[in-house]
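[1] what's the 3D shape of this:
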Amino acid sequence: MIKLTLAYDGTDFHGWQAQPGRPTIQGALNDVLRRITQEKITVHGAGRTDAGVHAEGQVAHFKTGSALGAREFQRALNALLPPTVRVLQAEEMDRSFHARHQAVSKTYLYRIYRGPIVPPFLWRYVLHYPYPLDEQAMCLAAPVFEGEHDFTSYSAAGADEADAEGKGKLSPVKTIFQSSFGVAGKDPAVDGGQAGHELIYTVRGRSFLRYMVRKMVGTLLEVGRGRMTEQDILNLFELRDRSRSGPTAPPQGLSMHAVEYAEQRKQE
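    All right, here's what the predicted structure looks like:
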């Protein structure tokens, strides 16, 4: 069993999950591994990022009968994958390891650039929002998402997250461990004098529904615009009405930052 830690720029991909005739992260990995091993390999990820969403710490695994070691797989994959997908680490694991089933938490980041002009080397990775926002209200409202809630209002209509094999649906009740904003400053010398800063939303939970993080960000932006309040967020848990939450934030600001596991057994 090989465990992979991956980083990728999701801009040019139609998400994680393999789709006929469309470039995807899983599809690219499957194709390259089949070339390397001559086996019909399927890579399983810890989460299925949507089209345009990035990753700094996606985790995946695959089974193989190949005699190649983890480091050899890492070198071969990085030599053959497009440069927008990198294997940061490869490890040989006990055969019981499963990237998705055994994940105890996932952390996502959403970046909102607040300067008047977004630097060209950032535009693929941030939501550019230079308009007025009550950032303090957003920071105060973010922790309202923490705890166990029914997140139906904060998910895609009719698209609750399927289980690891794509069969059935998971419960809309999710537990969020952390929901908070931080501020990252920008050096005017770097962005040509157009000084700005980023609001960075961090959310950590056991699992997520489809579009859930982006709907949460869209709702918090509505708070910043003065159109919603903390109480509205709480009410939506009870209402379970997707039409009442904020819009789905664009994908480019979102990145899967890290996946955490309990103690793992590496293959001896």
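
[2] sheet-wise, list the partners of the lowest-mean-pLDDT helix or strand in the chain with their directions.
    Ranked by mean pLDDT, DSSP states H and E, the weakest helix or strand in the chain is strand 173-185, scoring a mean of 93. Applying DSSP bridges, strand 173-185 is found paired with strand 147-150 (antiparallel), strand 197-205 (antiparallel).

[3] with just CA atoms, put the last one into PDB.
    What follows is strand 197-205 as a C-alpha-only set of coordinates in PDB (Å, rounded to 0.1, in the frame of the first residue of the first chain):
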ATOM      1  CA  HIS A 197      -4.100  42.100   2.600                       C
ATOM      2  CA  GLU A 198      -5.800  38.700   2.600                       C
ATOM      3  CA  LEU A 199      -8.500  37.400   4.800                       C
ATOM      4  CA  ILE A 200      -7.800  33.700   5.200                       C
ATOM      5  CA  TYR A 201     -10.700  31.500   6.300                       C
ATOM      6  CA  THR A 202      -9.700  28.300   8.100                       C
ATOM      7  CA  VAL A 203     -12.200  25.500   8.600                       C
ATOM      8  CA  ARG A 204     -11.300  22.100  10.100                       C
ATOM      9  CA  GLY A 205     -13.800  19.200  10.400                       C
END
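
[4] could I get the average pLDDT for that strand?
    Across strand 197-205, the average pLDDT comes to 96.

[5] tell me, what residue is most central in the chain?
    residue 256 (3.0 Å; C-alpha atoms, centre = their mean).

[6] pull the contacting residues for residue 198.
    111, 112, 113, 114, 126, 183, 184, 186 (C-beta atoms under 8 Å, 6 or more residues apart in numbering). Placement of C-beta: from N, CA and C, glycine included.

[7] which of those residues sits closest to residue 239?
    Within those, the smallest distance to residue 239 is 26.0 Å, found for residue 112 (C-beta to C-beta).

[8] this protein: helices as residue ranges?
    Ranges of helices in the chain, per DSSP state H, are 25-37, 70-80, 135-141, 212-224, 230-239.

[9] out of those, deepest packed?
    helix 212-224 (a mean of 25; mean count of other C-beta atoms under 10 Å).

[10] now what about it, what contacts it?
    Helix 212-224 has contacts (C-beta under 8 Å, 6+ apart) with 50, 108, 110, 112, 127, 129, 133-135, 137-138, 141-142, 145, 151, 153-156, 174, 179, 181, 201, 203, 228-230, 232-233, 236, 242, 245-251, 253-254.

[11] okay, the angle between it and strand 197-205?
    Angle, helix 212-224 to strand 197-205, by axes from the mean of the first three to the mean of the last three C-alpha atoms, to 10 degrees: 130 degrees.

[12] and helix 212-224, C-alpha only, in PDB?
    Below are the C-alpha coordinates for helix 212-224, written out as PDB (Å, rounded to 0.1, in the frame of the first residue of the first chain):
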ATOM      1  CA  MET A 212     -20.100  23.100   1.900                       C
ATOM      2  CA  VAL A 213     -17.000  25.200   2.600                       C
ATOM      3  CA  ARG A 214     -17.700  27.500  -0.400                       C
ATOM      4  CA  LYS A 215     -21.300  28.000   0.800                       C
ATOM      5  CA  MET A 216     -20.000  28.800   4.300                       C
ATOM      6  CA  VAL A 217     -17.600  31.400   2.800                       C
ATOM      7  CA  GLY A 218     -20.400  32.900   0.700                       C
ATOM      8  CA  THR A 219     -22.600  33.200   3.800                       C
ATOM      9  CA  LEU A 220     -19.800  34.900   5.800                       C
ATOM     10  CA  LEU A 221     -19.300  37.300   2.900                       C
ATOM     11  CA  GLU A 222     -23.000  38.200   3.200                       C
ATOM     12  CA  VAL A 223     -22.400  38.900   6.900                       C
ATOM     13  CA  GLY A 224     -19.500  41.200   5.800                       C
END
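
[13] how many neighbouring residues does residue 206 have?
    Per other C-beta atoms under 10 Å, the neighbour tally for residue 206 reads 14.

[14] cool, residue 201 as well?
    As a burial measure, residue 201 scores 26 neighbours (other C-beta under 10 Å).
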